[in-house]
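**Student:** Give the three-dimensional model of this entry:
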Amino acid sequence: MSENIINGLKISGLGLLGVFGVLIIFYIIVILLGKIKAKEEE
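**Tutor:** Below is the predicted model of the structure:
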């Protein structure tokens with residue numbers, strides 16, 4: 001049982017890291033696009 005719980009926590013932890021990684025990358029892309037658009041408007 002304990003090994004299964006540990007493996008489950010590792011998998012869920014990796015899943016959370018993956019989700020946060022995607023959100024952070026998306027956030028950075030939005031900021032970069034916003035800066036590029038701001039420069040074009042000036």
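**Student:** Please enumerate the helices of the protein.
**Tutor:** With DSSP state H, the ranges of helices along the chain come out as 2-41.
**Student:** any low-confidence regions in the protein?
**Tutor:** The chain contains residues with pLDDT under 70 at 1.
**Student:** in it, which residue is closest to the centre?
**Tutor:** Geometric centre of the chain, nearest residue: G21, 2.1 Å, by CA atoms, centre = their mean.
**Student:** tell me the contacts of that one?
**Tutor:** The contact partners of G21, taken as CB atoms under 8 Å, 6 or more residues apart in numbering, number zero. (C-beta placed from N, C-alpha, C; glycine too.)
**Student:** distance of it from L14?
**Tutor:** From G21 across to L14, the span is 10 Å (CB to CB, to the nearest Å).
**Student:** Please apply the same query to E42.
**Tutor:** E42 is 43 Å from L14, by CB to CB.
**Student:** what does I24 give?
**Tutor:** Counting by CB to CB - I24 and L14 are separated by 15 Å.
**Student:** again with K37
**Tutor:** Distance from K37 to L14, by CB to CB: 35 Å.
**Student:** do V22 as well
**Tutor:** Counting by CB to CB, the separation of V22 from L14 is 13 Å.
**Student:** With that, I have no additional questions.
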